[in-house]
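K.L.:
build me a model from this:
(chains A and B)
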Amino acid sequence: MDGRRVPLDPDEVLRLRNVSKTFTLHERDVSRSVLADISLSVRAGECIHLDGPSGVGKSTLMRMIYGTYKTLTGEILVRTENGDVDVVTADPWTLIELRRSTVGYVSQFLRVLPRVSAFDVVLYPLLVRGIDRDKARATAASMLSRLGIAERLWDLSPLTFSGGEQQRVNIARGFAADHKLLLLDEPTASLDAANRNLVLEVIRDALRRGAAVVAIFHDRDVADQVVTRQVSLESVSVENVSTASAALANSPPAAESLAAASY
Amino acid sequence: MTNGRLGSVVLEARGVSMQFAGLRACDDVTLSIRTGEVLGIVGESGSGKSTLLRCLGGILQPTAGTVHLRLAEGAHRDLWAVDEATRVQITRTSIGLVHQNPRDGLMMDITAGGNIVEPLMAAGARNYAALRATAVDWMRRMELSLDHIDRFPADFSGGMQKRLQIARCLVTGPRILLMDEPTGGLDVSVQARLLDLLRHLVKELAMAVIVVTHDLAVARMLAERLLVMRAGQVVEAGLADQLLEDPQHQYTQMLVSAALRL
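P.N.:
Numbers count the residues shown, from 1 in each chain, chains lettered A, B, ... in the order given. Model prediction:
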C-alpha cells in the first residue's frame, strides 16, 4: 500500500485499509497470522455484521479497531469531531480521547469494579465524556429503564445481578454516551426474546441518530433485524480486492487472560 | 477527567537514571502524564519502580535526568535543578506521595486528625476551627469513622492507615499523586473499596496519578495507560488493555502469562 492517507468521506465513520494481524509469542518463538489485508468502510447509519466461521478473527478485528489489539500494518481511520484518527499510529492519549468521545465497545461480558452501583456504571462514560452531571444522571436513568433494569436495582452492584441483567447494564453503559462508532461483540447472546428486542431497539435508535455499528451476532435471525450489510471475513478478499486469512483456530495468546475490570 | 478531556502535561521526566553503588536501579526512564489520567507502572520486585517514584516525587535525587513539574500558575520547574528549599516547597504543595509502608508516610505520634492537617499547618495555616473542619471533611471522604479522628494511627488497620495517608497527601490539593503499591498488604475486600475510592477521587479532583504496583489486576482497574519496567528500564508502554491483552515485548508477555487467572 502507498503511504498517502485519503481522508474519510463526509458520511464515512470508519475505514480499514489493508489491515493485517499476526500474534507473535516470543517465548515459544511462534507467530500466527490471523487477519491479512482487510479493507472495509462503514458509513453513518450503517450496521455491519461481521460474519464468518468461529476463529476467523471477527472479535480480533473488533479489538483492533478499538485498539485493544495492536495493529502493525494498514490503516484504521475513525472520524472524530477533531478530524480523522488513525488507530494504528495514534499515541495512547489520542486513543483514550477517542474512546471517551467517539468509540464504544460492548462485549457480552460485564467487567466492573466491586462496590460500584449499576447506576454509576452507566453514568461513568457520560461523565468522562464531559456531559453535565444532571443531564448525565437523567440519561443513565433513561437507559437503565429502557433496558428493563428495575429501579430498585440501580443502587446495587451489578455483580450481584443475573447474567441477563448484567448484560443489559453493559448495553446501557455502552450506548449511554451516544458514541458515533459502536463495536458490539455478541450483544444479545444469552438474552431471552423480550430482552433481545429491547437491545435491538436501542441499536436501531443509535443507527437513526447516525451512529455506525460494527457487530458480531451469534444468531443470524437476530442479526437480520438490524443489520444493513453483511461482511463475511473470508469474502472480504473477493469483494474488496484483498485477502483474509483464517489461519487461527484458537484464541490468540494472552487474550482474556485477566479477570480484571476494564473500566 | 470531569471535563471529559485530558489536560496538559503535569509532569515530564526525561532520561532519569539512578545509580546505587554498582546497581542501576533506574536506567534512562522517560515518561509524561497529563491531568485527569492514571498511569500505572508495573514490574516485578526490584525492577526499579519504587526508586523511580521517589525520583519523581522529589525525595531521591537521580544521578541523571530531569523531572519537570508544571505548577498551578502554569510555570514549570525541574525538581532537581532548583535549590532544596524550593524543592521542599514544591513537593509539599504540588506532589502527594503515598508510601508503601504507612509508617513512612504518617506521623505515628500525632492523632489521625492531626496527621491530615499537618501539611496545611506546615504551610502556615493556624485557624484551628477551620483545620478541624477540614480534618472532619477528609475523614468522611476517606470513609474513616469520625470516632477515630482523635486516635493515633498505630491503632488503625492497614487499610485505614492507607486511607489516612491518602487524605494527608490530598489535603494540600496537589497537582499529582504518586502511589507506591496502594493496595499492598490489604485484604481483597479492603482493596476493592480503596480502588473504588481512588477512582472517584481522580474523577472529582482532576489530578494526575501515578500508581506503582506489581499487581496487574490493580493496574488495569485503575490505569488507562501502563509502563512496564524491568531491571530499571521501561520495556513497553501503552494503553492498559492493549498492553495486558496483546503484549508486544517478550518480558511483558511473560509477566502477563504468569499472572493468576480467576
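K.L.:
buried residues in stretch B:185-204?
P.N.:
B:186, B:190-199, B:201-202 (16 or more other CB atoms under 10 Å in any protein chain shown). (C-beta placed from N, C-alpha, C; glycine too.)
K.L.:
restrict those residues to contacts with chain A.
P.N.:
B:Ala192, B:Arg193, B:Leu195, B:Asp196, B:Arg199 (CB under 8 Å from any CB of the partner chain).
K.L.:
whichever strand or helix holds the last one: how far from the chain's middle?
P.N.:
Under the criterion of DSSP states H and E, B:Arg199 resides in helix B:188-205. Shown here is helix B:188-205, whose average C-alpha point lies 13 Å from the average C-alpha point of the whole chain (CA atoms, centre = their mean, to the nearest Å).
K.L.:
do the same with stretch B:147-155
P.N.:
Between the centre of stretch B:147-155 and the centre of its host chain there is 23 Å, according to CA atoms, centre = their mean.
K.L.:
again with stretch B:144-160
P.N.:
In this view, stretch B:144-160 has its centroid 21 Å away from the chain centroid, taken as CA atoms, centre = their mean.
K.L.:
avg pLDDT for it?
P.N.:
For stretch B:144-160, the mean pLDDT works out to 94.
K.L.:
what do you get for stretch A:59-72?
P.N.:
96.
K.L.:
quick one: the strands in the stretch 101-250 of chain B?
P.N.:
B:176-180, B:208-213, B:225-230, B:233-239 (DSSP state E, counting those that start in this stretch).
K.L.:
so A:Val13 sits against A:Ala44, correct?
P.N.:
Yes - between A:Val13 and A:Ala44 a contact is recorded at 5.5 Å, counting by CB atoms under 8 Å.
K.L.:
that older thread, dump the ones next to chain A among the buried residues of stretch B:185-204 to CSV, plus distance to B:Leu60 and pLDDT.
P.N.:
Listed next are these as CSV, based on distance: CB to CB, whole Å; pLDDT from 0 to 100:
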residue, distance to B:Leu60, pLDDT
B:Ala192, 31, 77
B:Arg193, 31, 77
B:Leu195, 27, 82
B:Asp196, 31, 79
B:Arg199, 28, 78
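K.L.:
B:Gln19: which of these is nearest?
P.N.:
Nearest to B:Gln19 among those is B:Leu195, at 34.4 Å by CB to CB.
K.L.:
what about the nearest residue to the closest one once chain neighbours are set aside, neighbour count?
P.N.:
In this structure, B:Leu195 finds its nearest non-sequential neighbour in B:Met221, 5.4 Å apart by CB to CB, 6 or more residues apart in numbering or on different chains. Applying other CB atoms under 10 Å in any protein chain shown, we find 29 residues neighbouring B:Met221.
K.L.:
my guess is B:Met221 contacts A:Leu113. True?
P.N.:
Yes - contact criterion CB under 8 Å: B:Met221 and A:Leu113 qualify, at 5.9 Å.
K.L.:
ok so, going back, which neighbouring elements make contact with the helix holding B:Arg199?
P.N.:
Applying 3 or more CB pairs under 8 Å, 6 or more residues apart in numbering or on different chains; DSSP states H and E, one finds that helix B:188-205 contacts helix B:158-170, helix B:216-222.
K.L.:
mean pLDDT lowest for which of these?
P.N.:
Comparing the helices and strands packed on helix B:188-205 by mean pLDDT, the weakest confidence falls on helix B:216-222, with a mean of 89.
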